[in-house]
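Colleague: Mind folding the following:
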Amino acid sequence: YDRTVTWDLIKNVNNAGNDFSLYNGSAGQKFNLDWLLFVDKEEVLGNYKVKGNIKITNPAAVTQTVTGVSDVMNDGTEADVNCGGAFPINIAAGGELVCSYTAAPLDTSATKNTATVTAIGNPDQTAMAGLSFTENLIGVDEGTLTDDRFPSYNKTVTKDFNVTIPEIFECSTDPGDYTDGEYTETFINTATLNGAINLEDRASIKLICRLDPLKVTKTAVGTYDRTVTWDLVKNVNNTGNDFTEYIGDPDAMFQPNWLLFVDKEEVLDNYKVRGNITIANPAGVTQTVTGLLDILDDGTKANVNCGAAFPIDIIAGGELVCSYTAAPSDGSATKNTATVKAVGNPAQTATASVSFTENLIGYEEGTLTDNRFPAFSETVKDDASFTLSETFTCPPEGDPIYENGVYEFSVINTAFLNDKINLQDSASITVRCVTGTPQQPGITIENVLINIASQTENSASGTFVIENDSGGDITFVTLGDVYMEF
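Modeller: Got it, this is the predicted structure:
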């Protein structure tokens, strides 16, 4: 009989009947799975056959005639007998007839096989043979089970068999494996049943892994300098003129115009935008920053300092803080954008609004005063000009103040711009009065020291008395230098 052996091999993943699993996760995430191997061995017993020969010998001295031959197994199965020709068949004296037979029982339950020969002139003759069945193996009775993902796995199987092989997969921790933040890989696992069986089956998994992009935030603070400078000019009568001389007769009047010019200049410069760029790594793996660009919307690029040269690694959950300084030409920029490049993800950006805060260098206003006009005080916040008039008169004819017919004096007028600006400028005039009747002084007094009776910011006053104890007439007195102790 035939024993036909067939095999089947099935590779699944996680669950029977499932040959594919999909996993979604983040960089560095691990997944536990089971590879399932099922081996099925099928045996079919069939094609039962009993074959043999029936040998009929004629011991008589005369020819005998065989009229029939039958062959029956003890399970009732009748064999097909072939004696080489149709009955009746003659067997010569001392001769023999060999017949072959084939029986096809349903199973192996028969244990005996009996042949019956019918011939003329004699009762039926029988012969019995014991019966056993020999197996004819069709196929392979055992095989070797291997798995390409587990090179050390090698199992000889002779019957139905199944096994579970666990494996751990991990989303790549290398940002270089990611494109636009995604890494995809398919793993195919093939099991093979060898030993002339030559079966194989596959199951697979697919990993879709995500590399969380860096998170970028930034600050932006704009500043600029407004530098205020002042200029103070004191002239007399005409712009640019800081001295005028007057010459006149007794009683002549002169009215100079003291001119005050205040010029305020403002320069806006030293524009700066400063701030920090914070780059946080939300992923479970270290990420690498390869570059950082910070630019204002007027096109100005900032100088960025991250403490080291790129590339710079940021550990999982860590952050990198970079400072930057931009120097635009003016205050027109309103936005500042940082662009961070990193391995495995598209560039990430962060934008901050920009406004500029003034840094005043100098003083916004000052107080303008004039030493000859104590009541004059003006707060100036911008360019300004003022004219202050004053009248000078030559002494009358015969005034003893004339010396050799001449009386001359000078006046210096000083303007001040205070409140920490601390500017001053002066102009002066000289008045020369000339008379036709010069007189000689009766007394000349030099170096008079006067005690101060009162004092303001720009002037002081005191008195002294000249007494004539000589008994004679004195026409006039000439004074030399007069001093005050401040």
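Colleague: Show me which positions of the top strand by length along the chain end up buried.
Modeller: Within the chain, and with DSSP state E defining each element, the longest strand by residue count is strand 257-280. Residues 258-262, 264, 271-275, 277-279 are the ones in strand 257-280 that count as buried (16 or more other C-beta atoms under 10 Å). (Glycine included, C-beta is placed from N, CA and C.)
Colleague: Closest to Ala115 out of those residues?
Modeller: When the buried residues of strand 257-280 are compared for distance to Ala115 (C-beta to C-beta), Ile279 comes out closest, at 100.0 Å.
Colleague: what are the bridge partners for that closest one, then?
Modeller: Beta bridges link Ile279 to Val216, Leu320 when assigned by DSSP bridges.
Colleague: and it, what does it touch?
Modeller: 214-216, 289, 292, 314, 319-322, 340 (C-beta atoms under 8 Å, 6 or more residues apart in numbering).
Colleague: Could you report the distance from it to Asp141?
Modeller: Distance, Ile279 to Asp141, using C-beta to C-beta, to the nearest Å: 66 Å.
Colleague: Equivalent analysis for Ser426, please.
Modeller: 129 Å.
Colleague: same thing with Asn404?
Modeller: 157 Å.
Colleague: and if you look at Ser389?
Modeller: 136 Å.
Colleague: Look at those two and report which has more neighbours.
Modeller: Asp141 (13 against 9; other C-beta atoms under 10 Å).
Colleague: what sits against the more buried one?
Modeller: Asp141 touches 5, 158, counting by C-beta under 8 Å, 6+ apart.
Colleague: Likewise for Arg432?
Modeller: 245-248, 406-408.
Colleague: Is it possible to get CSV of these that adds pLDDT, distance to Pro400 and secondary structure?
Modeller: Formatted as CSV, the contacts of Arg432 follow (pLDDT from 0 to 100; distance: C-beta to C-beta, whole Å; DSSP: H, G, I helix; E, B strand; the rest coil):
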residue, pLDDT, distance to Pro400, secondary structure
Glu245, 97, 24, strand
Tyr246, 97, 21, strand
Ile247, 97, 20, strand
Gly248, 96, 18, strand
Val406, 96, 13, strand
Tyr407, 97, 10, strand
Glu408, 97, 15, strand
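Colleague: element containing the closest residue to Asp148 other than its chain neighbours?
Modeller: Nearest non-adjacent residue to Asp148, counting by C-beta to C-beta, 6 or more residues apart in numbering: Thr190, 4.7 Å away. Taking DSSP states H and E as the definition, one finds Thr190 inside strand 182-193.
Colleague: elements contacting that strand?
Modeller: Packing partners of strand 182-193 (3 or more C-beta pairs under 8 Å, 6 or more residues apart in numbering; DSSP states H and E): strand 2-13, strand 30-46, strand 143-147, strand 199-210.
Colleague: The same query, at a cut-off of 6 Å, please.
Modeller: strand 143-147, strand 199-210 (3 or more C-beta pairs under 6 Å, 6 or more residues apart in numbering; DSSP states H and E).
Colleague: Tell me which of those is the most buried.
Modeller: Comparing those by mean neighbour count (mean count of other C-beta atoms under 10 Å), strand 143-147 comes out on top with a mean of 19.
Colleague: average pLDDT across whatever helix or strand comes next after it?
Modeller: Remark: after strand 143-147, the chain's next helix or strand is strand 150-157, criterion DSSP H and E. Throughout strand 150-157, pLDDT has a mean value of 96.
Colleague: who's in contact with strand 150-157?
Modeller: When contacts are defined by C-beta atoms under 6 Å, 6 or more residues apart in numbering, strand 150-157 is touched by residues 39, 143-147, 165.
Colleague: For those, work out which two are farthest apart.
Modeller: Going by C-beta to C-beta, the pair spanning the contacts of strand 150-157 furthest: Gly143 and Ile165, at 17.5 Å.
Colleague: Excluding sequence neighbours, find me the nearest residue to Cys209.
Modeller: Cys171 (3.5 Å).
Colleague: What of Thr239?
Modeller: Closest to Thr239 by C-beta to C-beta, 6+ apart is Leu259, at 6.5 Å.
Colleague: My read is that that neighbour contacts Asn235, right?
Modeller: Yes. Using C-beta atoms under 6 Å, Leu259 is in contact with Asn235, at 4.2 Å.
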